[in-house]
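# only geometry, no sequence info:
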């Protein structure tokens, strides 16, 4: 993950200078006809080809869901990505993937006045913080975008956690002697840990044999081992709490592809401790019920702004 560094701030400044230069050279840009609102679906991205395909399928499916909503009737839907590694990778360049700065800059030049951004991140971590900061830099500029509305990530409130917990328990029902571990990425930003902890509480309100693990923050894998011992579990099911089956899932969770398996993966460590462990090779973006949760968030924001 990355933070909004001087390098990113410099990129934003360069794009803004480019926009103002265009307006100065061609003042007619300011008198363009009214253009439709733009919706930007912002995800992390993945340089793993199969994961990148999952992203595209998920975005297509989101479009299908959103097209049924009257609020989307005249909106233009675009995509952007926050992973610099993906954007600079051969996979990203082949897809002509764009950063959020690039999409906002081109939208400004096209005369878009109102933009809705749907974060496709799991939690309100550093990636989402950067989405907010970048969006604020483009909002309210002279002859530019008047308003940017940002819809929150998948888990941004207790209500979000409850909705997702119900979906996950419905789709991943645990047997009596089994514990299901939902494995998320997490991160150093407070929002990432708080989101996963909120999900943990929501899961326990529904059933006792579910636990959330973070690869980079809390709840930790060590705490999960204590939980497994307390539950006297014999079987463990590892379920990715990530949008796609990328490097983290294949390498850190493990048990899905022999080419990526290592002794450090959660799958290998649990097997070494005597648990009957299985990994579920299914990401959040491959669950239509989860995509509907993302869509509901965006539609709710659009409805609230249209009625104000």
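Cool, got the structure. The shown structure was predicted, so the numbers you read here are calculated from the model rather than taken from an experiment.
# Strands along this structure, start to end?
Here the chain has its strands, by DSSP state E, at 38-43, 76-81, 114-119, 147-151, 178-184, 210-214, 235-240, 276-279.
# Would you give the sheet partners of the fifth one, along with the direction of each?
Based on DSSP bridges, the strands next to strand 178-184 in the sheet, each with its direction, are strand 210-214 (parallel), strand 235-240 (parallel).
# contact partners of it?
With Cβ atoms under 8 Å, 6 or more residues apart in numbering as the test, strand 178-184 has contacts from 122-123, 168, 172, 174, 196, 199, 203, 209-215, 224, 227-228, 231, 233-242, 249, 252-253, 266. Yep, even glycine has a C-beta here, placed from its N, CA and C like the rest.
# still on that earlier bit, need the strands paired with strand 178-184 in CSV with mean neighbour count, distance to residue 104 and mean pLDDT, can you?
Output for the strands paired with strand 178-184, formatted as CSV (neighbours: other Cβ atoms under 10 Å; distance: least, Cβ to Cβ, whole Å; pLDDT from 0 to 100):
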stretch, mean neighbour count, distance to residue 104, mean pLDDT
strand 210-214, 25, 31, 97
strand 235-240, 22, 30, 98
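# Select, out of those, the one closest to residue 36.
Taking Cβ to Cβ, strand 235-240 is the member of the strands paired with strand 178-184 nearest to residue 36, at 35.6 Å.
# now the helix or strand following that closest one, how far from the centre of its chain.
Next helix or strand after strand 235-240 toward the C-terminus (DSSP states H and E): helix 247. The chain centre lies 15 Å from the centre of helix 247; the measure is Cα atoms, centre = their mean, to the nearest Å.
# Identify the residues contacting helix 247?
46, 48.
# And the average pLDDT for it is what?
Per-residue pLDDT values over helix 247 give a mean of 89.
# Tell me who's in contact with the residue sitting nearest the centre point of the chain.
Closest to where the C-alpha atoms of the chain average out (Cα atoms, centre = their mean) is residue 121, at 1.6 Å. Counting by Cβ under 8 Å, 6+ apart, residue 121 makes contact with 42-44, 82, 127-128, 131, 153-154, 243.
# Sort out for me which of those residues are in helices.
Judged by DSSP state H, the contacts of residue 121 include 127-128, 131 as members of helices.
# Pick out whichever of the residues you listed sits closest to residue 257.
residue 127 (25.3 Å).
# tell me which residues in stretch 273-282 are buried?
Of the residues in stretch 273-282, 275, 277-281 count as buried by neighbour count, 16 or more other Cβ atoms under 10 Å.
# any chance of these in CSV, plus pLDDT and distance to residue 304?
Formatted as CSV, these follow (pLDDT from 0 to 100; distance: Cβ to Cβ, whole Å):
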residue, pLDDT, distance to residue 304
275, 98, 46
277, 97, 44
278, 97, 42
279, 97, 40
280, 97, 36
281, 96, 37
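# Out of those residues, the closest to residue 77 would be?
Relative to residue 77, and with distances defined as Cβ to Cβ, the nearest of these is residue 281, at 28.4 Å.
# What residue, apart from its backbone neighbours, is nearest the closest one spatially?
Sequence neighbours aside, residue 256 is the residue nearest to residue 281 in space, at 4.5 Å (criterion: Cβ to Cβ, 6 or more residues apart in numbering).
# got a list of what the one you found touches?
Residue 256 is in contact with 245, 249-250, 267, 279, 281, counting by Cβ under 8 Å, 6+ apart.
# so where's the chain uncertain?
Counting by pLDDT under 70, the chain contains low-confidence residues at 1-34, 189-190, 307-308.
# on that earlier part again, Serialize the strands of the chain to TSV and add fields for distance to residue 138.
Below are these laid out as TSV (distance: least, Cβ to Cβ, whole Å):
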stretch	distance to residue 138
strand 38-43	11
strand 76-81	12
strand 114-119	8
strand 147-151	7
strand 178-184	30
strand 210-214	32
strand 235-240	33
strand 276-279	41
